[in-house]
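In: The following comprises the amino acid sequence and a computationally predicted model.
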Amino acid sequence: MGINGAQAIVHCLEKEDVTHVFGVPGEQILAFVDAIYDAPSLEFISTRHEGGASFMAEAFGKTTNKPAVCIGTSGVGASNLTLGIHTAHQDSTPMIVIIGQVNSKYRGREAWQEIDLDFFYSHIAKWSVEIKNAARIPEIMHQAVHLSKTGRPGPVVISVPEDILSENTEVEAYFSLNIKKPSISLTDAKEIIALLNKSENPLIFAGGGITASNAKHELIQFSEQSGIPVMSAFRRHDVFPNDHPHYLGNSGLGSFPELMETLIDSDLIFAIGTRLSEVSTQGYSFPTKNQTVIHLDVDEKVIVKQSFSSQGFVSDAKNALNLLLEQVSNLTFTTTNKEWAQHRKKIYEEVLLERKQNRIKQHIHGISMEKLVDSLYNILPDDAVITSDAGTFYTWFANYYPFHANQRYLGPTSGAMGYGLPSAIAAKLIFPERTVISLSGDGGLMMTIQELETAVRYHIPIISLVFNNNSYGAIRLHQERLFPNRVTGSTLKNPPFDELSKLFGGYGYKVTTNEDFIKVFKKALKNDKPTLIEVPMNLKLLSASKGLDNNQLRNI
């Protein structure tokens, strides 16, 4: 059929079952935006900043395991997309990025807003390419969508010159491929079982590959039948029910040291669907040379990067766990494994309870974060979606909030600030019937707060909590640790967030007691517009385990 390049791209996206496009309309990408007008199966969400758009697309992909599209225009809009692209890369999230490039006849002359986009993104994208001929659009779009969601998922960046978007062409979109995911063999499964049989204190370390392959049910079954306990990788809380007897906590920033003893005491670590990142491994302090490591991941590049892996297996997590379940009866130490799991679970629960009770006893005035986390746990529905920014405020949730089996968590393993609010918008688009809340510090929220207007405009009733200590809290913590009494640049001054939310057209509240929080949050669950709840915090409480006493950093 005779159409222009922009219409061809839209046609290809429809064939690949892509449903959402996030972005800011710009001159060089305008033909693509116009083509969406005639595509009822594509929903375009016009955002207030390309960074917010890229976070929304990333969160959409993380939640559905299918790519959404974010768009920008040439150099300036494209540069703003970078943070979300980097997040998708580090978080292994499928995403398609379409950028309007300057006209082909101006390329290479430092034209207005020109950047060599395919080169610019080459090291943080799974694939970056510039379309130089409209006739190749079906081929390139097909490759892009396929690459973004297969193997280790990731972002694909497509640069399209303005004239190519307007060029007439005759195209026929490719049909989406259904490619079989890799799996271990029966021999591999028997080898893994044999290694587990040699272990006294085995531990499953589960990452995002579990959710990406929809393998949570299989992981629960394998843990229960093998007796082997589970820890979750950094910001992957929802890979295993946190209230399960075999769950032993999350390894990430601010994890309590007593819980990390589980990693030290285990003699075998079965890493499934995780790249064993710097944060998850506590600065690469584990696995140690004395620990056996079984590393199973869908991408062999992830496995070979970790020189400490004893045995590596390339496989989709769900496929591997299903085959291991067929062999689990050959495990000889299931009783011993369960005793080890029960021992560590008791320590896990006692540590959290003791810390929580001590903090509540010491609390004098204002909001108790420990009580607030308990309130959220008691009030939130079992299928709620929780998103968050980076920041020390999250250490309370990472350590104290037990995610239910059907709750979802979206957070950036890249540590990107500003993620919470935009990702909540994407999650609510996917699950309009579910409660979606975002958690942010004041520093992170102010980086993307303009997207609150997007939520209001599209009638997306998310609930945003902002924990306000008028500081870049995480940076202040590091300053006091590395450069005590030399505070520079981390002190902030914020507007009244509750009033700001009202000005955007949403609901706004400020709470100063835990009783007020419960009342306001229950009210927010019924609101038909976006709601922002400000929670003032004292800098004396920098995190769940660190505080300031006369400007001196101390453990709490």
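Out: Structure received.

In: what about the chain, any weak spots by pLDDT?
Out: Under the criterion pLDDT under 70, the flagged ranges of the chain are 1, 104, 106, 110-114, 173, 175, 306-309, 364.

In: So which elements touch the helix ranked longest in it?
Out: In the chain, taking DSSP state H as the definition, the longest helix is helix 334-362. Judged by 3 or more Cβ pairs under 8 Å, 6 or more residues apart in numbering; DSSP states H and E, helix 334-362 is in contact with helix 216-226, strand 247-250, helix 257-265, helix 369-379, helix 394-400. Every C-beta, even on glycine, is put in place using the N, C-alpha and C of the backbone.

In: Next, the buried residues of that helix.
Out: Residues 334, 337-338, 340-341, 344-345, 347-348, 351-352, 355-356, 359 are the ones in helix 334-362 that count as buried (16 or more other Cβ atoms under 10 Å).

In: Looking at those residues, which two lie furthest apart in space?
Out: When Cβ to Cβ is used, the two most widely separated members of these are Thr334 and Arg359, lying 37.2 Å apart.

In: Stretch 508-520: end-to-end distance?
Out: Stretch 508-520 has an end-to-end distance of 10 Å (Cα to Cα, to the nearest Å).

In: chain center to it, what's the gap?
Out: 28 Å (Cα atoms, centre = their mean, to the nearest Å).

In: Offset the numbering so it begins at 37, please.
Out: Got it, first residue is 37 now, which makes that one stretch 544-556.

In: What separation do you get for the spatially closest residue to Lys217 that is not a sequence neighbour and Phe68?
Out: Leaving out its chain neighbours, the residue that sits closest to Lys217 by Cβ to Cβ, 6 or more residues apart in numbering is Asp352, at 3.8 Å. According to Cβ to Cβ, to the nearest Å, Asp352 and Phe68 sit 33 Å apart.

In: For the two, indicate the residue with more neighbours.
Out: Between Asp352 and Phe68, Phe68 has the larger neighbour count (other Cβ atoms under 10 Å), namely 29 against 23.

In: Just list what the host helix or strand of that one packs against, helices and strands only.
Out: Using DSSP states H and E, Phe68 maps to helix 66-72. Identification of packing neighbours for helix 66-72 by 3+ Cβ pairs under 8 Å, 6+ apart yields helix 41-51, strand 105-109, strand 131-137, helix 198-202.

In: residues in contact with the host helix or strand of Lys337?
Out: If you go by DSSP H and E, Lys337 is part of helix 336-341. Residues outside helix 336-341 that contact it (Cβ atoms under 8 Å, 6 or more residues apart in numbering) are Arg188, Arg311, His331, Asp333, Ser345, Gly348, Phe349, Val350.

In: Need the three-state assignment for Pro438.
Out: coil (DSSP: H, G, I helix; E, B strand; the rest coil).

In: I figured it was touching Asn414, is that so?
Out: No. Judged on Cβ atoms under 8 Å, Pro438 makes no contact with Asn414 at a distance of 11.1 Å.

In: of the two, who's got more company?
Out: Higher neighbour count among Pro438 and Asn414: Pro438, with 16 against 8, using other Cβ under 10 Å.

In: Next up, phi/psi of the closest residue to the more buried one other than its chain neighbours, please.
Out: If the residues on either side of it in the chain are set aside, Pro438 comes closest to Asn278, at 3.8 Å by Cβ to Cβ, 6+ apart. Per-residue torsions, Asn278: phi -70, psi -20 (degrees, to the nearest 10).

In: For Ser313, see how far away Asn278 is.
Out: To Ser313, Asn278 is 20 Å away according to Cβ to Cβ.

In: higher neighbour count, these two?
Out: Neighbour comparison, Asn278 and Ser313: the larger count goes to Asn278, with 21 against 17 (by other Cβ under 10 Å).

In: who touches that one in this structure?
Out: Tyr437, Pro438, Phe439, His440.

In: what's around the first one, how many residues?
Out: Read that as Tyr437. Neighbours around Tyr437, by other Cβ under 10 Å: 21.

In: May I have the helix or strand Phe96 falls within as CSV, with CA atoms only?
Out: For Phe96, the host element (DSSP H and E) is helix 86-100. Extracted C-alpha coordinates of helix 86-100, given in CSV (Å, rounded to 0.1, in the frame of the first residue of the first chain):
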residue,chain,number,x,y,z
GLU,A,86,10.8,13.4,27.4
GLY,A,87,12.4,12.0,30.6
GLY,A,88,8.9,11.4,32.0
ALA,A,89,7.9,9.7,28.7
SER,A,90,10.9,7.4,28.8
PHE,A,91,10.2,6.4,32.4
MET,A,92,6.5,5.7,31.4
ALA,A,93,7.6,3.5,28.5
GLU,A,94,10.1,1.7,30.7
ALA,A,95,7.6,1.0,33.4
PHE,A,96,5.1,-0.2,30.8
GLY,A,97,7.6,-2.7,29.4
LYS,A,98,8.7,-3.8,32.9
THR,A,99,5.1,-4.5,33.9
THR,A,100,3.9,-6.2,30.7
